[in-house]
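A.B. asks: what's the 3D shape of this:
(6 chains, ligands or ions: 6)
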Amino acid sequence: MLDSLQLALTNLLAPAVLFFLLGFGAGWLRSDLTVPESAAKTLALVLMLSIGFKGGVEASKAGLSQDFASAATAGVALSFGIPVLGFFVLRAISALDRATAAATAAHYGSVSIVTFVAGTEFLRASGLQFGGYMVAVVALMETPAILSALLLAGSGAAGRQGLRGELIREVALNGSVVVLIGSFLIGAISGSAGMAKLEVFVGPVFQGVLVLFLLDMGLVAARRLKAARSLTPALIAFALVMPLVSCGLGLAISLALGLGAADAAVLAILAASASYIAVPAAMRIALPDADPGVYLTLSLAITFPFNLVVGIPLYTAAAQAMIG
Amino acid sequence: MLDSLQLALTNLLAPAVLFFLLGFGAGWLRSDLTVPESAAKTLALVLMLSIGFKGGVEASKAGLSQDFASAATAGVALSFGIPVLGFFVLRAISALDRATAAATAAHYGSVSIVTFVAGTEFLRASGLQFGGYMVAVVALMETPAILSALLLAGSGAAGRQGLRGELIREVALNGSVVVLIGSFLIGAISGSAGMAKLEVFVGPVFQGVLVLFLLDMGLVAARRLKAARSLTPALIAFALVMPLVSCGLGLAISLALGLGAADAAVLAILAASASYIAVPAAMRIALPDADPGVYLTLSLAITFPFNLVVGIPLYTAAAQAMIG
Amino acid sequence: MLDSLQLALTNLLAPAVLFFLLGFGAGWLRSDLTVPESAAKTLALVLMLSIGFKGGVEASKAGLSQDFASAATAGVALSFGIPVLGFFVLRAISALDRATAAATAAHYGSVSIVTFVAGTEFLRASGLQFGGYMVAVVALMETPAILSALLLAGSGAAGRQGLRGELIREVALNGSVVVLIGSFLIGAISGSAGMAKLEVFVGPVFQGVLVLFLLDMGLVAARRLKAARSLTPALIAFALVMPLVSCGLGLAISLALGLGAADAAVLAILAASASYIAVPAAMRIALPDADPGVYLTLSLAITFPFNLVVGIPLYTAAAQAMIG
Amino acid sequence: MQTTGRKKLEIIIEATVLRRVEQFLDEAGVRGWTVLPSIEGHGSHGDWSSGDFTPGQERRLIVAVATSDVAQRALDRLASFFADYPGIVFLSDVEVLRPERF
Amino acid sequence: MQTTGRKKLEIIIEATVLRRVEQFLDEAGVRGWTVLPSIEGHGSHGDWSSGDFTPGQERRLIVAVATSDVAQRALDRLASFFADYPGIVFLSDVEVLRPERF
Amino acid sequence: MQTTGRKKLEIIIEATVLRRVEQFLDEAGVRGWTVLPSIEGHGSHGDWSSGDFTPGQERRLIVAVATSDVAQRALDRLASFFADYPGIVFLSDVEVLRPERF
Ligand SMILES: Nc1ncnc2c1ncn2[C@@H]1O[C@H](COP(=O)(O)O)[C@@H](O)[C@H]1O
Ligand SMILES: Nc1ncnc2c1ncn2[C@@H]1O[C@H](COP(=O)(O)O)[C@@H](O)[C@H]1O
Ligand SMILES: Nc1ncnc2c1ncn2[C@@H]1O[C@H](COP(=O)(O)O)[C@@H](O)[C@H]1O
Ligand code: NA
Ligand code: NA
Ligand code: NA
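C.D. replies: Ligands and ions are numbered 1, 2, ... in the order given. The predicted structure follows:
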């Protein structure tokens, strides 16, 4: 327990977390600090390319394993299942319309890549060794939640307006999924020869990219929180409690499928994380009536900071307590 | 021969080539993946700055040599000559108007810097040592082809409209030439003291920049190919066969001037490569009637992928067979 | 003396200075070379983040010291005082209106971060060891000059139009100050554990970012100088002599407060440098009537190149002569 | 210089549905258009900014000059699209050179 | 499709005072607007470019469609603002669908 | 607020010839203009996108408000330029404050 607290403090003092807090503070005080939009998009691309590639190289070293199959099954099940739970909870505790509730629930079923990155940094600092294939699990968990949400909402707009093609592209071919899976495969194919070339880029350079991106996330999260108009106490509670519930589900399924503590911790972190790039983009097409003021604020401005600062060490400690 | 095939396979499995293919696939399937425009321009700048600087440092170590003079002569001759050949071939095999044929031919006389970079990576992987001055040859080969094209087309628009200044700037002072030559000189002046500072940037960081840029080139090439409206079988054949002819000319002249196998391979790769940044920009001013739908599609969407995937190992093998 | 000349030459041959000159030459000859706007902003952010972070880590190692307090006092006094001197000189030697004279003077009281970076690179190359806390002094010197200028000009526009909030944000919370101080604190908090992660980013990658940024500064400075319409010989003389006077003031106060030669050299460089990011932004709000054609041209297109090429070695030599 | 009256359509929509709206313009017979970026906006659904992380929510401004008939046809198609998707459109009079191009 | 007349306000101001001008629009009753970036400009105070290092000097173009009354009210407020701060504004006639939204 | 009628010129041209067109405007007596970026476009010569690697092909939108006479003069000069270079121009009526500035 003392050890966990110690680690939680280490997490809090990591540059990445501190830069997020710097951005959040600057945004909250309405500093004119900004990260140019195209830089933020490029940084996000570099993050995804790097973790995909590193995961692929590691996976190619380890070979395919039963653990990968188990983790993938667990991840897909969580991504499908969490939105269903989230949807009914949201409808019960708030006055959100059907579309907004479904769209919000989809965010919580899908994953946040930066939360994953911060989580894996923390696990490494804690000396926990998870499988390289977990990157592939991240990619697999991005989209099932979107399908769940569409079933829950009974979407019609995209169909009526001939936007099926756009919708499929957003769901199956959205940029982050393509880069993540593509880089994973490239890492797996080019292996250590490829790694020799990209080592510095996906390693130490990546660390700098990460702090810049988190600085920007802090700015955007704070600005969004300040501009939020439709937040109610029930919705705030949802954004703080739902990750805990999802973490619990992630650990339970990990235990059932016999995953190790490190993989289980990653799965719990992924389950608890909420998307703020891929899912919102799909929702603008599939459920244009859903209110982005709700789902983006909850996912980006409440759940993300909570997971980054408090959640990651908590879920890891829980995984070690239950499985380790 | 077996060795060459082996190396060709190694080329195909290099991260840079794989990221190009990833981008190409994503673009072809109409994924919404994009590299922000300003990022792509910055990446291009970094690539040119890095290869210029590295070339300058190497050249300063080696000193001026007869080989540099020979390679420069050969490069300038190729850049002047190839467009003449290309022009008459295009007029014979297609219905392209004079301006479009001349503009297209100019692209094939000039060079592609990314093809050069990919080629030098391949040569290094193959253990072939070429001269640092070849970077200066790249810069020298950029513009003569444009002058040839202007003579062939009998351009008048820029003159009529008082755009001579703009044209001179595009031809002699265009960004890529200035950065390439400038960085080469800076590398030559600051030598190993300068290299001590920039080593990581122009080395391992450059590798990351290269894969990102190639990812974007894949996206743009695929989108351009899909949108192409004026492609005919004859034009496609031109884009695939002209590089082979240019490679042949490059090797012949290298043999005549007594260049070594590695320098000859670089020259062949440069001869075979087609410009897609500097030349199109000059053509928009000099020959505004020429159709960019033709010259950009051929150079960027057909010849560049062909050279990257198949051409580079082929030209290298040919250089070794003829000279090595 | 000979030694100083030697070092001055070394400064001139550093890649950073050479890339500035390359950009300046390209801009002067009206090459179409450009660094995308959003890239330039991102590069500036990375520079500030890196020097802030490095300074913080170094300061955390050294602990708080009397020297920091002295340097901070000297810096704040210079930032407040220099604009007063500058204002009366400008009013005496030129026909500038009150607002433009005050705004221009503010630029000379505040500091240029890139001049600071180039200066510290030069000091390191010269083997002079200054305190990590000097980064905090940079941040402290950014804004007092703005307050002086407001008192001198008797600004009213921002008050009349309800822009007090914007003005406070520009003065106290402007992006560069926030990133600089924030990164300094993060460096101080995360110490060597944080440095282990960001070492490559704030070290060798930073060097590449610096040359790119200086290339862009050269382009912008040359273009601004060419477009300048309101330059008079008296104003040009001001932009060249004022830095020398400020350097003298910086050294005098350093001597009085007992600072070491290296810290005094940094203070002299800061005193001599003129802002071109933070102060102009504040002046657009506080003194909208002041002519940016005057203050930006003097600070960016004359004083900055002068300091970069000639000033830095000169001020360092003076510091060593007076204090060393 | 002789100028002729035409209509300018300006359409503000989310980036996500740009392709679809371009298709409408094409179907309505609009022969050319230019797409401009935008930075932020305010409306009945609150504020948005291009600095947010949601790619699709960014707005694009399409400018298209066309004959009155073609503009009217495009408008008809857009009106029903805007029943499902957010977006605004406005029309104004412009004069052009070489009217046969529009 | 039935269209109704409205006014389009176009305002070119420095990025620095964007928030303030948006506040005027809000106070005048304007219900929506879109902000576009610009790259460079020329005027009585010389040239500016977004490539310069001065963040605040960059211009923004605000496009706002509103009723004639609301536009007039916004104009009044802007006129006095422009006594202190540089900026230009112009007004034109547009036709819109669903006029109740503006 | 009293407004006065002026003309708004909107010119869409390739980035490459921007300087030249600005020179025409200057020669015609236009006293100010603002240049906006654009992202992509469609026309009789196919599609273009700012994501392509060809710097010069990107389009710029120049917005210039001027008196009717000055606008007419600019139009004359542009018409002959557009014989050689691609580009479109359209003119519309706007009302401005402080008419002496335009
Ligand atoms: N009256 C208007 N004038 C200009 N742009 C508008 C207007 N109304 C809405 N918009 C744009 O359309 C977006 C969505 O509008 P809304 O659906 O009303 O929130 C806004 O954020 C603006 O970018
Ligand atoms: N007549 C005009 N038409 C369009 N934009 C203008 C006009 N006059 C000024 N501007 C814009 O407003 C900025 C400042 O104008 P000025 O205060 O006259 O220098 C210029 O740099 C342009 O971006
Ligand atoms: N009617 C139009 N309305 C708006 N922009 C146009 C129009 N026609 C052409 N353009 C723009 O001008 C570019 C070149 O047109 P074109 O020469 O017809 O291919 C197009 O790609 C568009 O960006
Ligand atoms: Na989740
Ligand atoms: Na070639
Ligand atoms: Na100073």
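A.B. asks: what about the strands in chain D?
C.D. replies: With DSSP state E as the criterion, chain D has strands at D:4-14, D:33-37, D:40-43, D:46-49, D:59-66, D:87-96.
A.B. asks: In terms of secondary structure, what does the fifth one contact?
C.D. replies: What that stands for is strand D:59-66. On a contact count with 3 or more CB pairs under 8 Å, 6 or more residues apart in numbering or on different chains; DSSP states H and E, strand D:59-66 meets strand D:4-14, helix D:18-28, strand D:33-37, helix D:68-81, strand E:33-37. In short, each C-beta sits where N, CA and C put it, glycine included.
A.B. asks: In it, which residues have enough neighbours to count as buried?
C.D. replies: D:59-66 (16 or more other CB atoms under 10 Å in any protein chain shown).
A.B. asks: Number of residues surrounding residue A:3?
C.D. replies: For residue A:3, the count of nearby residues is 10 (other CB atoms under 10 Å in any protein chain shown).
A.B. asks: Skipping its backbone neighbours, what lies nearest the residue of chain A found nearest chain B in space?
C.D. replies: Using CB to the nearest CB, the single residue of chain A nearest to chain B is residue A:201, 2.9 Å away. Excluding the flanking residues, the one nearest residue A:201 by CB to CB, 6 or more residues apart in numbering or on different chains is residue B:208, at 2.9 Å.
A.B. asks: Tell me who's in contact with the spatially most central residue of chain A.
C.D. replies: Of all residues in chain A, the one closest to the mean position by CA atoms, centre = their mean is residue A:112, 1.3 Å from it. Taking CB atoms under 8 Å, 6 or more residues apart in numbering or on different chains, we find residue A:112 in contact with A:273-276, A:299, A:304, A:307.
A.B. asks: among the residues you listed, which are in helices?
C.D. replies: Under the assignment DSSP state H, the contacts of residue A:112 contribute residue A:304 to helices.
A.B. asks: Show me what the worst-scoring helix or strand of chain D on mean pLDDT is packed up against.
C.D. replies: When each helix and strand of chain D is scored by mean pLDDT, DSSP states H and E, strand D:46-49 comes last, with a mean of 90. Here strand D:46-49 touches helix A:206-227, strand D:40-43, going by 3+ CB pairs under 8 Å, 6+ apart.
A.B. asks: Can you check the pLDDT for the closest residue to chain B within chain D?
C.D. replies: Proximity of chain D to chain B (CB to the nearest CB) peaks at residue D:55, 6.9 Å away. In this model, residue D:55 is scored at 71, pLDDT.
A.B. asks: quick one: it and residue B:31 touch, right?
C.D. replies: No. Look at residue D:55 against residue B:31 with CB atoms under 8 Å: they stay out of range, at 11.9 Å.
A.B. asks: quick one: common contacting residues for those two?
C.D. replies: With contacts taken as CB under 8 Å, 6+ apart, residue D:55 and residue B:31 have residue A:175 as neighbours in common.
A.B. asks: ok, so what distance separates the residue nearest to residue A:104 when sequence neighbours are not counted from residue D:77?
C.D. replies: Of all residues not flanking residue A:104 in the chain, residue A:295 sits nearest, at 4.4 Å (CB to CB, 6+ apart). As judged by CB to CB, to the nearest Å, residue A:295 and residue D:77 stand 30 Å apart.
A.B. asks: quick one: which of those two has more around it?
C.D. replies: residue A:295 (28 against 16).
A.B. asks: still on that earlier bit, tell me which of the helices and strands packed on strand D:46-49 sits most buried.
C.D. replies: helix A:206-227 (a mean of 24; mean count of other CB atoms under 10 Å in any protein chain shown).
A.B. asks: Can I get that helix in CSV? Just the C-alpha atoms.
C.D. replies: Taking Å, rounded to 0.1, in the frame of the first residue of the first chain, the C-alpha atoms of helix A:206-227 are listed here in CSV:
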residue,chain,number,x,y,z
PHE,A,206,8.7,10.3,-28.5
GLN,A,207,9.1,11.4,-24.9
GLY,A,208,9.4,15.0,-26.0
VAL,A,209,6.4,14.6,-28.4
LEU,A,210,4.4,13.2,-25.5
VAL,A,211,5.0,16.1,-23.2
LEU,A,212,4.1,18.6,-25.9
PHE,A,213,1.0,16.8,-26.7
LEU,A,214,0.0,16.6,-23.0
LEU,A,215,0.6,20.3,-22.7
ASP,A,216,-1.9,20.8,-25.5
MET,A,217,-4.3,18.4,-24.0
GLY,A,218,-4.2,20.3,-20.7
LEU,A,219,-5.0,23.5,-22.6
VAL,A,220,-7.9,22.1,-24.5
ALA,A,221,-9.3,20.2,-21.5
ALA,A,222,-9.3,23.3,-19.4
ARG,A,223,-10.9,25.5,-22.1
ARG,A,224,-13.5,22.9,-22.7
LEU,A,225,-14.3,22.6,-19.0
LYS,A,226,-14.6,26.4,-18.7
ALA,A,227,-16.9,26.6,-21.7
